[in-house]
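Novice: Sequence and predicted structure below; questions after.
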Amino acid sequence: SSGINAESHVKATKDLNDAHEKAMDDFERECKRKIKLLSEQLQAVKDDDEDLSSLTKAIFNCTTMEEIFQIQKLINNHQIDELIQNHLPTLQNLLLSLSFGILPICQPQRDQVTNEQRRVVEQLQTASPSNAKNILRNKRGDVINLFTIIKDSIKLARDTYNRYNASN
């Protein structure tokens, strides 16, 4: 009887080790994929830096609060076609800021972004307009939640700035 227990213990230990190794391999693959994505994005930014002056970049990269709320409204109202047609690059830039940790600005808000939401962000980064439509339709709840996090983060930044400015 103790031989059977020892065998099942050995098998259970091996199964646990195999599961752990697989999880670690998956994690390592995911990290390598993210590093590759970030390296490509960084290279793209460096390439852009050579082409654009600081002023031009400021003009092209300026996303207005109005546009952020317009995008959120379109998502909430299921107006995906209009969103893709008029705001896809801005949506991708906003979500890219989530990928790079620019938004949200504080750790508790960063911790609210789920792994599934991170996957949605990554999928939308490289999506064609038609793929973006499908992702937005299928993952609308995740995108709505991400916009809540973005809005809260911007509000926190504004409030902090106002508090700091008022004390100066």
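Specialist: Alright, I've got the coordinates.
Novice: tally of neighbours for the closest residue to His78 other than its chain neighbours?
Specialist: The shortest distance from His78 to any non-neighbouring residue, by CB to CB, 6 or more residues apart in numbering, is to Arg140 (7.5 Å). Backbone N, C-alpha and C define where each C-beta goes, glycine included. For Arg140, the tally of surrounding residues (other CB atoms under 10 Å) stands at 15.
Novice: correct me, but Arg140 touches Ile75?
Specialist: Yes. At 6.5 Å, Arg140 counts as touching Ile75 under the criterion of CB atoms under 8 Å.
Novice: re the thing from before, quick one: the residue nearest to His78 from Leu83, how far?
Specialist: 11 Å (CB to CB, to the nearest Å).
Novice: hey, what's in contact with both of the two?
Specialist: Each of Ile75 lies in contact with both Arg140 and Leu83 under the rule CB atoms under 8 Å, 6 or more residues apart in numbering.
Novice: Low-confidence stretches in this structure?
Specialist: Low-confidence segments of the chain, defined by pLDDT under 70, span residues 1-3, 45-64, 99-109, 166-168.
Novice: Now do the helices in it.
Specialist: Assigned by DSSP state H, the chain shows helices spanning 2-51, 54-61, 65-76, 80-99, 107-112, 115-125, 129-138, 140-167.
Novice: Can you tell me which helices and strands the longest one packs against?
Specialist: Contact analysis of helix 2-51 by 3 or more CB pairs under 8 Å, 6 or more residues apart in numbering; DSSP states H and E lists helix 80-99 as its packing neighbours.
Novice: What helices and strands are in contact with the helix it packs on?
Specialist: So helix 80-99, by 3+ CB pairs under 8 Å, 6+ apart, packs with helix 2-51, helix 65-76, helix 115-125, helix 129-138, helix 140-167.
Novice: redo that, cut-off 10 Å
Specialist: helix 2-51, helix 54-61, helix 65-76, helix 115-125, helix 129-138, helix 140-167 (3 or more CB pairs under 10 Å, 6 or more residues apart in numbering; DSSP states H and E).
Novice: Tell me which of the ones you listed sits nearest to Pro89.
Specialist: helix 54-61 (9.5 Å; CB to CB).
Novice: Identify the residue nearest Gln123 in space, chain neighbours excluded?
Specialist: With CB to CB, 6+ apart, the residue lying closest to Gln123 is Ile135, at 5.4 Å.
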